[in-house]
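1. next one to model:
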Amino acid sequence: MERNRDRKLRRGIYLLLAVLAMFLLVVSLLLSSFQIAVYGDAKYRFYEKEYIKYEVTESLNMELSDVMSVTEYMMDYLIGREEVLSIETEVEGKKQDFFNEQDRLHMADVKGLFLGGLRLRNVLLLAAVLLIGLLAACKVNLGKLLPKAYGTAMAVFGAALVFLGIAVTVDFTRCFRLFHEMFFTNDLWIFDESTDYMIRMLPEGFFSDMVIRIVSVFITSLALLGAAIWLVRFLYRKREDKI
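-> Residues are numbered from 1 along each chain as shown. This next block holds a predicted model:
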């Protein structure tokens with residue numbers, strides 16, 4: 001009786017650790033999806049298509065090549081390859097700095113959030129690998145345990161994705177505002193189209209399309225993770241059949 005109770009307790013602990021590992025993995029995939037969606041194309045073709053779609057060049061009275069140069073510089077700044085957000089270009093018929101002081105202050109916040117997210121991703125990924133390594137060291141049957149844990153994580157994140165999808169479809173503007181109010185402690189993200197070029201380059205529709213792009217990358221990464229877990233299950237079963 002005591003032995004059975006201990007065995008059940010161990011199984012419960014192992015399952016809890018496996019579920020935690022899956023949650024950490026899924027969150028790290030979500031954070032990676034942001035990076036892939038934003039930086040996955042070195043030539044920023046997605047951005048170019050969006051600029052054409054939303055007639056950004058007409059709004060700014062700029063050449064597309066100049067808008068792309070500003071974009072490349074801005075993206076280098078966000079990832080930490082540039083220290084100061086400042087680039088001179090031809091905009092509205094004048095040679096001037098594309099970014100103003102509000103742009104610089106807000107994008108400094110965005111840069112901190114983005115790079116902080118990537119650092120968090122690395123920590124979560126390492127923690128997940130260590131947990132799975134610990135389970136393997138305890139000689140747990142990962143072929144049975146990981147699929148259960150993955151199913152639990154998918155049930156939670158699947159529900160969250162459905163909720164988010166409905167919310168964004170119903171009122172993207174409100175969701176966009178709530179996101180900024182949650183992650184920023186100031187109102188520097190509120191721009192005036194008449195004075196701020198950056199908001200004309202990146203209209204709300206651009207962010208709506210970017211969210212779809214991020215979700216698409218995330219779903220693909222979850223499918224790949226599921227395939228990897230299925231492979232582990234298959235290999236464990238194959239090994240058991242040989243014994």
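
2. switch to C-alpha atoms for all contacts and neighbour counts from now on
-> Fine.

3. wait, is residue 84 part of a helix?
-> No: with DSSP: H, G, I helix; E, B strand; the rest coil as the criterion, residue 84 is located in coil rather than a helix.

4. so what's the backbone phi/psi at it?
-> Taking degrees, to the nearest 10, you get phi -120, psi 130 for the backbone angles of residue 84.

5. for the residue nearest to it when sequence neighbours are not counted, grab the count of nearby residues.
-> The shortest distance from residue 84 to any non-neighbouring residue, by Cα to Cα, 6 or more residues apart in numbering, is to residue 77 (7.1 Å). By other Cα atoms under 10 Å, 18 other residues sit near residue 77.

6. who touches the helix or strand harbouring residue 77?
-> Per DSSP states H and E, residue 77 falls inside helix 64-78. Residues outside helix 64-78 that contact it (Cα atoms under 8 Å, 6 or more residues apart in numbering): 44, 48, 57, 82-85, 87, 89-90, 98, 107, 110-111, 114-115, 201.

7. just those: which are in helices?
-> 48, 57, 107, 110-111, 114-115, 201 (DSSP state H).

8. buried only: go through these for me.
-> Among these, those buried by neighbour count (16 or more other Cα atoms under 10 Å) are 48, 57, 107, 110-111, 114, 201.

9. okay, these in CSV with distance to residue 169 and pLDDT next?
-> Output for these, formatted as CSV (distance: Cα to Cα, whole Å; pLDDT from 0 to 100):
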residue, distance to residue 169, pLDDT
48, 24, 97
57, 27, 95
107, 27, 96
110, 24, 96
111, 27, 96
114, 25, 95
201, 23, 96
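
10. specify which member of these is nearest to residue 146.
-> residue 114 (30.0 Å; Cα to Cα).
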